[in-house]
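Participant: predicted coordinates and the sequence they were generated for:
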Amino acid sequence: MKKIMLMMMMAVMIAVCGMAQSSATLMTYSGDTVTNTGTKYLLQKVDTRTVDLVSFQVVNKKVSGTPAGYTLFQASNDAVNYVTLDTLTNTNVNYNSKIFVDNPAKYLWYKITTTGSGTMVMTTKGYAILRKNK
């Protein structure tokens, strides 16, 4: 009985670890630090067979210096060649944020590209909502 319980617990742990590994590549709640003229990318793959609407929000938070630069909302079907769908110009405030919605979802890959300018440090985070229309 103890062996069966132990095996069941191990199976659950393996399943949870497998899910944690696959979700690490998703955009939601992921982020990074942009320093000076550096560039950071946040990616989200979308299964257009099961998702009709995508909504992305980027939040760029000032850490130090004078935040500047831009954030691009981009999309691609091959994860190599991206087109720009919308742009956020980052200014010297504590938070720069923008929401982009694509309804219906038309692309397999979405990317948020944040590029800094000047002498600054800011964090960039992306949040994604993927949903099926009712």
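Facilitator: Received it, and whenever you're ready, just let me know what you need.
Participant: so where do the helices sit in the chain?
Facilitator: Here the chain has its helices, by DSSP state H, at 2-23.
Participant: please enumerate the strands of it.
Facilitator: Applying DSSP state E to the chain gives strands spanning 30-35, 39-45, 53-65, 70-76, 83-89, 95-102, 109-115, 120-131.
Participant: among those strands, which is the most enclosed?
Facilitator: strand 109-115 (a mean of 22; mean count of other CB atoms under 10 Å). No exception for glycine: its C-beta is placed from N, CA and C like everyone else's.
Participant: how about the strands of the chain in JSON lines, adding mean pLDDT?
Facilitator: Converted to JSON lines, these look like this (pLDDT from 0 to 100):
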{"stretch": "strand 30-35", "mean pLDDT": "82"}
{"stretch": "strand 39-45", "mean pLDDT": "90"}
{"stretch": "strand 53-65", "mean pLDDT": "93"}
{"stretch": "strand 70-76", "mean pLDDT": "96"}
{"stretch": "strand 83-89", "mean pLDDT": "96"}
{"stretch": "strand 95-102", "mean pLDDT": "95"}
{"stretch": "strand 109-115", "mean pLDDT": "93"}
{"stretch": "strand 120-131", "mean pLDDT": "90"}
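Participant: pretty sure residue 113 sits against residue 38.
Facilitator: No. In this structure, residue 113 is not within contact of residue 38 by CB atoms under 8 Å, at 11.3 Å.
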